[in-house]
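Asker: Requesting a structural model of the entry that follows:
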Amino acid sequence: METQDSKHESWSDTESTSNTRVRYSGPLSGPKSARFKDDDLYERVSQELKRLTSTKAPFVKLDMNKSGAARALQGLKFMTKNVASEGWSTIEKQFDELSVNGSLPKSLFGQCIGMKDSKEFAGELFEACSRRRGITSSAINKVELREFWDQITDQGFDARLQTFFDMVDKNADGRITEEDIKEIIALSASVNKLSKIQECAEEYAALIMEELDKDNLGYIEIYNLETLLLQAPSRSTNLVRESHILSQLLSVRLAPTKERNPIKRWGRGLLYFLDNWKTIWVLALWVSIMAGLFTWKFIQYKHLAVFDVMGYCVNTAEGAAETTKFNMALVLLPVCRNTITWLRSRTKLGVVIPFDDNINFHKVVALGIAIGAGLHAGAHLACDYPRLLHATDDEYEPMKPFFGDERPNNYWLLLKGTEGWTGVAMLVLMTIAYILAQPWFRRNWLNLPKPIKNLTGFNAFWYSHHLFVIVYALFIGHGYFLYLTKKWYKKTTWMYIAVPMLLYTCERLIRAFRSGYKSVKILRVVIYPGNVLSLHMSMPQGFKYTSGQYIFVNCVTVSPFQWHPFSITSAPGDDYLSIHIRTLGDWTSQLKALFAVVCQPPSINQSGLLRADFVKGEKNPRWPKLLIDGPYGAPAQDYKKYVVLLLAGLGIGATPLISIVKDVLNNIKQQKEIDEGIEAGFKNKKKPFACKRAYFYWVAREQGSFEWFGGVMNEVAEYDRDGVIELHNYCTSVYEEGDARSALITMLQSLHHSKSGVDIVSGTRVKTHFSRPNWNKVFKHVAVNNTDQRVGVFYCGAPGLTGELRKLALNFSRKSSTKFDFHKENF
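Answerer: As a prediction, the model looks like this:
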């Protein structure tokens, strides 16, 4: 296993801005405050003399190599944006808005300098700058704010180090005690939302003192802190090769630029078509069929007598009706999960049909239904019927075979017929289902009044979608009782939908039958931080699956009708079946509450907030009954096609990817057993596993999230001796590396990992990175180490990142010898 930071793939030759560095506690000189009086000056001089006399170490130059200098310049940045004079104008405006009688109170200092989310840290920074100048007031004027700003935006490492030291050294004696370190660790952990580090602040403070206070003096000084800061990370053994290839990649423009040449612009469009040809040809075929059906009906009705009365309105209505019939049949096919799973796994149709986009295609067809139904109903109700009511007796004469001998004299007579009320009822039910299926209502993105909000959410989406049973019954009736068509063989509605409805009905029957005997036994329940419920279940007899697939789960106690999909997090080689459920809606919240009742707080060596384990032969809790249905195919199951994998998961989106990581790990173990068997004289009949390299990037918002799959991380670290799997965890609640707010966390992380091999953020053997990944560097890192290879990129998470990853995959595929195939999990 390898845990490398992509941020350190190349090393800067930038020297420190300071040519000499000495051991010191702080300069005597500094900007003078206008507030200095005799007493303040006396106090300040006394403090500085105290600092100088307290320094035991001689003034010597600290040796700093180039990598250490580069690391120093990148670290301890109090301001990452709007630095120095460039940002002062913004700060000055903020001061003018926030100041009271020309003074800025300490409580608003953070908001003024751009640390609104780190008020506690900004308050300590305010105190440090005030102590340096002997300011005892809790408010400063604009001149003093400018002095503070110049200090915290100073780009010299010495100045930044001194400011950070002053924050810790609260009594200004030039010495940092264990208690001082404990307080700053607690502050840094609070600012970065690392509650577990905050709880262990005393233990970590002792660790730092043990490392830096070798003489057991009970304190450390600034040069000790500097030594810890300048510890450089380990470099890659393939650094020379990586640097050479990376320099070639960097020389290529990967960022899209505006192309002025029309031929090259056309070429880019052609490349886009080549990259997305499967989706494009399916959509083109769908649009062509609809255009053909609409045109056929439009022309057909132009030559009928009804055209003379209703005009082009009836052509439009009937053309739209024909496309709606086609789409009502087609919309069922993408949700025939068993059929799609079989076609994906057992046939080669995936080469030309994008099965990964089945739900997206379902949505597109639903949009086509909405447009067709709207045109059909609108043309009839707003145009055809009014024209019929106002037709003369002579004009109405050809209409008698269709509407009766007597001309309808009011709108109601047309609507109350079977043709009318079935159409209106369908339109109402379709509108309800379509609106509640939109993400704004299904995921409760809109801030609606509580009475209306109770009518939205996933439950409302699920139940309203099952109105399709009524809609299809009405659709058949509407298609049989027609005003303008009387011969049965011309009533084609049933012809369109018969086969898709039969296929879908068989699908539902198979699912109902299969789920009836797939009742599972609960083996373990764990409730993790972040509202995640982990369920380990017994494997149903004959149940076979592939990593990346998903199952549907039903809990009769919560709802006998609702089935919800969850990715499988166990691997095919495991003797159990596991899923991880994030509680986001009504159903998942009720499920978690049911299991929480039977759980207890974990023991010392166990993870989670609450847990319960099945122990054979003992009295076990009475678990809620679960039924499962599946497995079903998903984009992630195609990982077996690739030698190299790049897996990217956001939050709970890591679930299908964790299963892949475990499968790769299980195959590593099996391969070792096979190798040992071959040495012993046994033959290997098993098909070799394709994947030889896997990069897993997991981005989580909270520290507690890493508990979800901590066991997998440690297992990879233990068994993957050849570095097949490279793990990268990112915690976005922590400020990026180099920011002063996370500097102490970075120092502590490196120190603790070197001592115990355990990361203080994730609690695993995998070192956690801070903030978000630089995905451009991630792709470079993979391309550098896998030249002339085809990499399978699998992403599962929020849709906001999909476009960026897809674009990077396309750009690197075109501009480097490494080819990236992007797959997006529906999430």
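
Asker: could you pull out the helices for the stretch 351-500 of the chain?
Answerer: Taking DSSP state H, counting those that start in this stretch to define them, one finds helices in the stretch 351-500 of the chain at 358-379, 385-389, 393-396, 400-403, 411-415, 418-437, 439-442, 450-453, 458-465, 468-480, 493-517.

Asker: Quick one: mean pLDDT for the fifth one?
Answerer: It refers to helix 411-415. Mean pLDDT, helix 411-415: 74.

Asker: just stretch 655-669 next, same as before
Answerer: 89.

Asker: Now tell me what touches that stretch from outside.
Answerer: 547-550, 566-574, 579-580, 634, 636, 639, 645, 647-649, 689, 691, 694, 696, 698, 709, 712, 715-716, 719-720, 722, 724-725, 727, 794, 796, 825 (C-beta atoms under 8 Å, 6 or more residues apart in numbering). Where you see a C-beta, it was placed from the backbone N, CA and C, and this is true even at glycine.

Asker: Only the buried residues of that stretch, if you could.
Answerer: In terms of neighbour count (16 or more other C-beta atoms under 10 Å), stretch 655-669 has its buried residues at 655-668.

Asker: Please produce TSV containing the helices of the stretch 351-500 of the chain, extended by mean neighbour count.
Answerer: Listed next are the helices of the stretch 351-500 of the chain as TSV, based on neighbours: other C-beta atoms under 10 Å:
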stretch	mean neighbour count
helix 358-379	18
helix 385-389	17
helix 393-396	12
helix 400-403	13
helix 411-415	15
helix 418-437	17
helix 439-442	16
helix 450-453	9
helix 458-465	18
helix 468-480	17
helix 493-517	14
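
Asker: Could I get these in a markdown table, plus columns for distance to Thr341?
Answerer: As requested, the helices of the stretch 351-500 of the chain are arranged in a markdown table below (distance: least, C-beta to C-beta, whole Å):
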| stretch | distance to Thr341 |
| --- | --- |
| helix 358-379 | 10 |
| helix 385-389 | 46 |
| helix 393-396 | 56 |
| helix 400-403 | 47 |
| helix 411-415 | 44 |
| helix 418-437 | 23 |
| helix 439-442 | 24 |
| helix 450-453 | 35 |
| helix 458-465 | 21 |
| helix 468-480 | 21 |
| helix 493-517 | 11 |
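
Asker: I'd like to know which of those lies nearest to Lys278.
Answerer: Nearest to Lys278 among the helices of the stretch 351-500 of the chain is helix 358-379; the distance by C-beta to C-beta comes to 11.2 Å.

Asker: Now do the end-to-end distance for stretch 730-741.
Answerer: End-to-end distance for stretch 730-741: 17 Å, by C-alpha to C-alpha, to the nearest Å.

Asker: With stretch 136-143 instead?
Answerer: Stretch 136-143 has an end-to-end distance of 16 Å (C-alpha to C-alpha).

Asker: Just the buried ones from the contacts of stretch 655-669?
Answerer: By neighbour count, with 16+ other C-beta under 10 Å, the contacts of stretch 655-669 hold 547-550, 566-571, 574, 579-580, 634, 636, 639, 645, 647-649, 691, 694, 696, 698, 709, 712, 715-716, 719-720, 724-725, 727, 794, 796, 825 as buried.

Asker: which residues of the chain score low on pLDDT?
Answerer: Applying pLDDT under 70 to the chain flags the ranges 1-76, 79-86, 229-275, 515-518, 616-619, 674-689, 826-827.

Asker: residue farthest from the centroid of it?
Answerer: Relative to the centre of the chain, and counting by C-alpha atoms, centre = their mean, the farthest-placed residue is Asp394 at 66.8 Å.

Asker: List the buried residues in stretch 187-206.
Answerer: For stretch 187-206, by 16+ other C-beta under 10 Å, it's 187-194, 197-198, 200-201, 204-205.

Asker: Looking at those residues, spot the one nearest Leu502.
Answerer: Distances from Leu502 to these, taken by C-beta to C-beta, are shortest for Lys193, at 54.1 Å.

Asker: Isn't the closest one up against Gln703?
Answerer: Yes. Between Lys193 and Gln703 a contact is recorded at 7.0 Å, counting by C-beta atoms under 8 Å.

Asker: Can you flag which of the buried residues of stretch 655-669 belong to helices?
Answerer: Among the buried residues of stretch 655-669, the members found in helices (DSSP state H) are 655-668.

Asker: Now compare the residues you listed and name the two farthest from each other.
Answerer: By the measure C-beta to C-beta, Thr655 and Ile668 form the most distant pair in these, at 20.9 Å.

Asker: What are the boundaries of the helices in the stretch 551-700 of the chain?
Answerer: Along the stretch 551-700 of the chain, the segments classed as helices by DSSP H, counting those that start in this stretch run 586-596, 655-679.

Asker: can you redo those helices as TSV with distance to Tyr489?
Answerer: Shown next, in TSV, are these (distance: least, C-beta to C-beta, whole Å):
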stretch	distance to Tyr489
helix 586-596	46
helix 655-679	49
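
Asker: Nearest to Arg133, out of the ones you listed?
Answerer: Using C-beta to C-beta, the helices of the stretch 551-700 of the chain put helix 655-679 closest to Arg133, at 52.4 Å.

Asker: Contacts only, for Ala460.
Answerer: Counting by C-beta under 8 Å, 6+ apart, Ala460 touches 436, 441-442.

Asker: at 7 Å instead, please
Answerer: When contacts are counted by C-beta atoms under 7 Å, 6 or more residues apart in numbering, Ala460 touches Leu436.

Asker: how far away is it from Pro334?
Answerer: According to C-beta to C-beta, to the nearest Å, Ala460 stands 22 Å off from Pro334.

Asker: Also Gly479?
Answerer: 22 Å.

Asker: Same check on Ser659?
Answerer: Ser659 sits 24 Å away from Pro334, going by C-beta to C-beta.

Asker: again with Pro601
Answerer: Using C-beta to C-beta, Pro601 is found at 45 Å from Pro334.

Asker: more crowded one of those two?
Answerer: Neighbour count, other C-beta atoms under 10 Å: between Pro601 and Pro334, Pro334 has more, with 20 against 9.

Asker: Secondary structure of the more buried one: a helix, I assume?
Answerer: Yes. With DSSP: H, G, I helix; E, B strand; the rest coil as the criterion, Pro334 is part of a helix.

Asker: hang on, it packs against His362?
Answerer: Yes. The pair formed by Pro334 and His362 meets the contact definition of C-beta atoms under 7 Å, at 4.0 Å.

Asker: In helices, which of the buried residues of stretch 187-206 fall?
Answerer: 187-191, 197-198, 201, 204-205.

Asker: Most widely separated two among those residues?
Answerer: Going by C-beta to C-beta, the pair spanning those furthest: Val191 and Ala205, at 16.6 Å.

Asker: could I get the buried residues of stretch 655-669 as TSV with distance to Asp213?
Answerer: Shown next, in TSV, are those (distance: C-beta to C-beta, whole Å):
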residue	distance to Asp213
Thr655	45
Pro656	48
Leu657	43
Ile658	41
Ser659	47
Ile660	46
Val661	41
Lys662	43
Asp663	47
Val664	44
Leu665	41
Asn666	46
Asn667	48
Ile668	43
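
Asker: with those in mind, which one is nearest to Ala498?
Answerer: Pro656 (35.7 Å).

Asker: Checking Ser534 next. Helix, strand or coil?
Answerer: Following three-state DSSP, Ser534 is assigned to strand.

Asker: make that Met539, sorry
Answerer: At Met539 the chain is in coil, as set by three-state DSSP.

Asker: Enumerate every residue touching it.
Answerer: Shown in contact with Met539 (C-beta under 7 Å, 6+ apart): 575-577.

Asker: before we move on, back to that, between the helices of the stretch 351-500 of the chain, which one is nearest to Phe812?
Answerer: helix 358-379 (24.2 Å).

Asker: name the helices or strands packed onto the closest one?
Answerer: Counting contacts by 3 or more C-beta pairs under 7 Å, 6 or more residues apart in numbering; DSSP states H and E, helix 358-379 is packed against helix 312-330, helix 418-437.

Asker: List the contacts of that helix.
Answerer: Contacts with helix 358-379, where a contact means C-beta under 7 Å, 6+ apart, come from 290, 313, 316-317, 320-321, 323-324, 327-328, 330-331, 334-335, 340, 423, 427, 430, 434, 826.
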